[in-house]
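S.K.: Sequence first, then the predicted structure, then my questions.
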Amino acid sequence: MVAAGWVVFGPGPARAHPHVFVDGGVDFQITEDGTLEAIRVTWRYDELETLFLLSDLDVTPAAGADFTDSERALVERELGRFAPDFDGSVHLRAKGEPILLAWPRDLTARMVGDRLEVAFYRDLMEPLALEATELHAAFYERTYFFAFSLTDEPRFGEAEDRCSATITKFEPSSQTDEMRAALAKLGREETPENSNVGALLADRMVVTCK
């Protein structure tokens, strides 16, 4: 069984840490009155990880083509089985407090060129009124096994004309260069001493609504 985003912990040749590169983004399901109810997360796996994932499922779409209906059903079913230690990749905070999210739902999959793209929803455990409140979103996996990059402009549901976002890309420094050099020495089965190192290397976003 393949677990979305975590199949790469299986046997295979070693690669430098991080092992998987994903770009994508976050869309915000905001009601007309400015209440955030859910987020939609998009991942596009790097070409090598796409090959690993699809090979494990015995799926081989034609070059440059999307999945057939049967392939899509299989990929969505298997990748929709998230591993118990899934930590989300999107971490939200407001007023200094973490925002609790429900388990992922409604995963969809497609091919974008030679890369696998998946998207899924996560409901807020408690809807959040965003008026006069900054929402902070960080895009990372805590052990930095996955390197996530925010590349997509966010959407804001029914509040498209009232909300905006500022994206801050991770900027390397001498300190983080040393950290990444140490991470690069880790094998596939090794984890960093800092169990939340991904947070230090994250792309971030601040959402504000009028």
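M.R.: All right, it came through fine.
S.K.: Pull the contacting residues for the residue most central in space within the chain.
M.R.: Nearest to the mean C-alpha position of the chain, by CA atoms, centre = their mean, lies Ser89 at 4.2 Å. Contacts for Ser89 (CB atoms under 8 Å, 6 or more residues apart in numbering) come out as Gly5, Val22, Val41, Trp43, Phe139, Tyr140, Glu141, Phe146, Phe148. Every residue, glycine included, has its C-beta placed from N, CA and C.
S.K.: how close does it get to Ala147?
M.R.: 11 Å (CB to CB, to the nearest Å).
S.K.: Could you do Phe21 as well?
M.R.: 5 Å.
S.K.: swap in Leu54?
M.R.: According to CB to CB, Leu54 stands 20 Å off from Ala147.
S.K.: And Phe170, by the same measure?
M.R.: Distance from Phe170 to Ala147, by CB to CB: 9 Å.
S.K.: what are the phi and psi angles of Glu78?
M.R.: phi -70, psi -40 (degrees, to the nearest 10).
S.K.: Any idea how many residues pack against it?
M.R.: Using other CB atoms under 10 Å, Glu78 is surrounded by 19 other residues.
S.K.: worst-scoring helix or strand of the protein, pLDDT-wise?
M.R.: One helix or strand of the chain scores below all others by mean pLDDT, DSSP states H and E: helix 174-183, with a mean of 58.
S.K.: May I see the buried residues of stretch 146-163?
M.R.: Phe146, Ala147, Phe148, Ser149, Leu150, Pro154, Arg155, Phe156, Gly157, Ala159, Arg162, Cys163 (16 or more other CB atoms under 10 Å).
S.K.: Quick check: mean pLDDT of that stretch?
M.R.: Taken as a whole, stretch 146-163 has a mean pLDDT of 95.
S.K.: got a list of contacts for it?
M.R.: Under CB under 8 Å, 6+ apart, the answer for stretch 146-163 is 5, 18-32, 34, 42-43, 89, 130, 139-141, 165, 167, 169, 198, 201-205, 207-210.
S.K.: Can I get stretch 143-159 in CSV, CA atoms only?
M.R.: Provided in CSV are the C-alpha atoms of stretch 143-159 (Å, rounded to 0.1, in the frame of the first residue of the first chain):
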residue,chain,number,x,y,z
THR,A,143,12.1,16.5,9.2
TYR,A,144,12.9,18.1,5.8
PHE,A,145,12.7,14.7,4.1
PHE,A,146,10.4,16.7,1.7
ALA,A,147,11.6,20.1,0.5
PHE,A,148,8.4,22.1,-0.2
SER,A,149,8.4,25.3,-2.2
LEU,A,150,5.5,27.8,-2.5
THR,A,151,5.1,28.5,-6.2
ASP,A,152,1.4,28.9,-6.7
GLU,A,153,-0.6,32.1,-6.1
PRO,A,154,-3.3,31.4,-3.6
ARG,A,155,-7.0,31.7,-4.1
PHE,A,156,-9.5,32.9,-1.5
GLY,A,157,-12.9,31.3,-2.3
GLU,A,158,-15.8,33.7,-2.0
ALA,A,159,-13.5,36.4,-0.6
